[in-house]
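K.L.:
Any chance you could fold what I've pasted below:
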Amino acid sequence: MLAKLIFVLLTLTLVQSREGYGPGDQDWGYVEVRPYANMFWWLHYTTADEVSTNRPLLIWIQGGPGASSSGEGNIYMSGLVDENLEPRDFSYVHLANMLYVDNPVGAGYSYVDVEKGGKFATNMTELTSDYIALLQGFFKAHPEFEEVPLYLLGESFGGKFAPACAQRIHEEVAKGNLKANLRGVGMAYPATKLINNIAFMADELFHAGIVDSDGFKEIQQRSNSILDACIENRWVEAGDLLDELLDHVIATYHLEFFSVTANSLNEFDLSELNSFMDENVSPLLNISIPFGTQRDLVSKSLVDKLQPTSSSVEYLLNNTDIKIAIYNGQLDWVVNTVGTYSWVMALNWYGDVAWNQVERKAFYWDGIHEGHCTEYDRLAFYWVKRAGHRLPNDNPNAMKYILKQLIGYQPT
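P.N.:
The predicted structure follows:
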């Protein structure tokens, strides 16, 4: 009887699976989240268990805004194989089911049919509404995952989006508009309250030996102009000023966006991602939509990119029972660790006093010191060594530890 039940569950779980890019059972599709706005999802069933629903469902949320979960998140960072179809030593698919969603609409394979009147999202409310529609469509296609523990993993702008999205999921579930079992949120180098990171950017670059005293003064002046614009709610102008500041630092000091050591992207050139996906992945998925051509329009359409979503973190801590893990790399000069930690310390929730008094502890993987962690109740903050703005690639062993603590399964 038990063997028959397992066979039935396995059949139901994999009945819709297909072969895609690389090994493993997969499925993919589109959801029209608004008229002429189509969001792409790509599911990779876990290799950890014959019955995939025995393991959680992790949703990867790429940053940008406008970067692609299906391309950067899957092919470059966490999928079973890389751009050369070489097996990745550690893939998140080894641990759990992975759902890569190209979000916002216009990122990656997602697209807006502008000629027919489709529009890009302009603010966080529209972004989260689109994602609720995406989840409703995905769970309609795969109802077997409705009860499976769900975790959102957001990086950079995706780390800003993740808590806002989690709040919206919690609210829609309570209203009966969505069925989902949200259990946690992972926020990697999150742009949740980027004004704090901007305030410390000049210090970060000075102490890393990237700029001298004159460079420090110029960057600090530019940062202050951005902060003034934010204080006065001139969010679009603040975003433009930030883009100018980042371009100035990268060009003047020959620095990569991703790390003060300028080595975070030595495995894959993101400038070649569009052509790689069009030539190597699209034919296998039978997709005719050009990959990534609307990325810049996604970013330009958003008017509140710098508005904080830390209030959603407070909401989740005070009104839900889900776990929250926030992790930052020590080499990240844009979403720098000190800036992120500063807003985490100031969160207003029932455990805030105790959290700020708890002892920070070192954590290890295979006997190697990978960083430190402050954890109390359902909130954990990780300082990760040897990592920049691509933390999962820079220090995969630290990421294994964080995932184990967040979702409760031991990576191999």
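K.L.:
nearest residue to L241 other than its sequence neighbours?
P.N.:
I226 (4.7 Å; Cβ to Cβ, 6 or more residues apart in numbering). Using the backbone N, CA and C atoms, a C-beta is placed for each residue, glycine as well.
K.L.:
For the helix or strand containing the one you found, name the packing helices and strands.
P.N.:
I226 belongs to helix 213-231 when elements are defined using DSSP states H and E. Other helices and strands packing on helix 213-231, by 3 or more Cβ pairs under 8 Å, 6 or more residues apart in numbering; DSSP states H and E, are helix 194-199, helix 201-207, helix 235-253.
K.L.:
buried residues in it?
P.N.:
Neighbour-count burial for helix 213-231 flags 215-216, 218-220, 222-223, 225-227, 229-230 (criterion: 16 or more other Cβ atoms under 10 Å).
K.L.:
contacting residues around the residue nearest to L95 when sequence neighbours are not counted?
P.N.:
Spatial nearest neighbour of L95, chain neighbours left out: P411 (5.2 Å); criterion: Cβ to Cβ, 6+ apart. If a contact means Cβ atoms under 8 Å, 6 or more residues apart in numbering, then P411 has 90, 94-95, 400, 403-404 as its contacts.
K.L.:
Check for me that P411 belongs to a strand.
P.N.:
No: counting by DSSP: H, G, I helix; E, B strand; the rest coil, P411 is located in no strand; its state is coil.
K.L.:
For N233, give me its contacts.
P.N.:
Contacts of N233 (Cβ under 8 Å, 6+ apart): none.
K.L.:
can you tell me the helix or strand for it?
P.N.:
With elements taken from DSSP H and E, nothing contains N233; it lies in neither a helix nor a strand.
K.L.:
Just give the number of residues close to P190.
P.N.:
By the criterion of other Cβ atoms under 10 Å, P190 has 31 neighbours.
K.L.:
Tell me how far it lies from A164.
P.N.:
P190 sits 11 Å away from A164, taking Cβ to Cβ, to the nearest Å as the criterion.
K.L.:
possible to save the contacts of P411 as CSV with neighbour count and pLDDT?
P.N.:
Converted to CSV, the contacts of P411 look like this (neighbours: other Cβ atoms under 10 Å; pLDDT from 0 to 100):
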residue, neighbour count, pLDDT
F90, 16, 89
H94, 19, 93
L95, 23, 94
K400, 21, 95
L403, 23, 96
K404, 14, 94
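K.L.:
ok, the residues you listed vs G20, which is closest?
P.N.:
Proximity of those to G20 (Cβ to Cβ) peaks at H94, which lies at 17.1 Å.
K.L.:
Touching, that closest one and T46? I think so.
P.N.:
Yes: between H94 and T46 a contact is recorded at 7.4 Å, counting by Cβ atoms under 8 Å.
K.L.:
List phi and psi for F40.
P.N.:
Backbone torsions of F40, given as degrees, to the nearest 10, read phi -100, psi 140.
K.L.:
Checking my notes, A354 in a helix, right?
P.N.:
Yes: under three-state DSSP, A354 falls within a helix.
K.L.:
Look up how far R378 lies from it.
P.N.:
Separation of A354 from R378 (Cβ to Cβ): 12 Å.
K.L.:
ditto for Q220
P.N.:
Computed as Cβ to Cβ, the Q220 to R378 distance reads 36 Å.
K.L.:
ditto for N286
P.N.:
Distance, N286 to R378, by Cβ to Cβ: 42 Å.
K.L.:
More neighbours: which of those two?
P.N.:
Neighbour count, other Cβ under 10 Å: between N286 and R378, R378 has more, with 17 against 9.
K.L.:
Isn't the more buried one up against A325?
P.N.:
No: R378 lies out of contact with A325 (Cβ under 8 Å); the separation is 9.4 Å.
K.L.:
contacting residues around the residue nearest to L241?
P.N.:
Going by Cβ under 8 Å, 6+ apart, I226 touches 195, 198, 238, 241-242, 245, 306.
K.L.:
Looking at these, which is nearest I368?
P.N.:
Of all those, I368 sits closest to I198, with 32.5 Å by Cβ to Cβ.
K.L.:
and that closest one, how many neighbours does it have?
P.N.:
Quick note: I198 (other Cβ under 10 Å) scores 25 neighbours.
K.L.:
surely it meets L242?
P.N.:
Yes: taking Cβ under 8 Å as the definition, I198 is a contact partner of L242 at 6.8 Å.
K.L.:
Could you check how far G339 is from E204?
P.N.:
Distance of G339 to E204, given as Cβ to Cβ: 8 Å.
K.L.:
Looking at these two now, which is surrounded by more residues?
P.N.:
G339 (24 against 21).
K.L.:
wait, what's in contact with that one?
P.N.:
Contacts were defined as Cβ under 8 Å, 6+ apart; by that measure G339 touches 193-194, 196-201.
K.L.:
which one among those gets closest to N54?
P.N.:
Using Cβ to Cβ, K193 is the member of the contacts of G339 that lies nearest N54, at 36.8 Å.
K.L.:
give the contact list for that closest one.
P.N.:
308-310, 339-340, 343.
K.L.:
circling back: report the separation between the residue nearest to L241 and S299.
P.N.:
I226 is 16 Å from S299, by Cβ to Cβ.
K.L.:
for G159, same thing?
P.N.:
G159 is 16 Å from S299, where distance means Cβ to Cβ.
K.L.:
And these two? Which one has more around it.
P.N.:
Taking other Cβ under 10 Å, G159 and S299 do not tie; G159 has more neighbours (27 against 20).
K.L.:
pretty sure that one contacts N197?
P.N.:
No: with contact defined as Cβ under 8 Å, G159 does not reach N197; the gap is 11.4 Å.
K.L.:
any residues in contact with both of these two?
P.N.:
Counting by Cβ under 8 Å, 6+ apart, the residues touching both G159 and N197 are 191, 335.
K.L.:
Which strand or helix spans P392?
P.N.:
Take DSSP H and E as the rule and P392 turns out to sit in helix 391-394.
K.L.:
Enumerate every residue touching G159.
P.N.:
Listed by Cβ under 8 Å, 6+ apart, the contact partners of G159 are 61, 63, 187-192, 326, 335.
K.L.:
Which secondary structure state does the spatially most central residue of the chain sit in?
P.N.:
The centroid of the chain falls nearest to G154 when counting by Cα atoms, centre = their mean (2.1 Å). Three-state assignment for G154 (three-state DSSP): strand.
K.L.:
how about it, what does it touch?
P.N.:
61, 63, 160-162, 165, 185-188, 190.
K.L.:
Filter these down to the ones in helices?
P.N.:
Judged by DSSP state H, helices contain the following of these: 160-162, 165.
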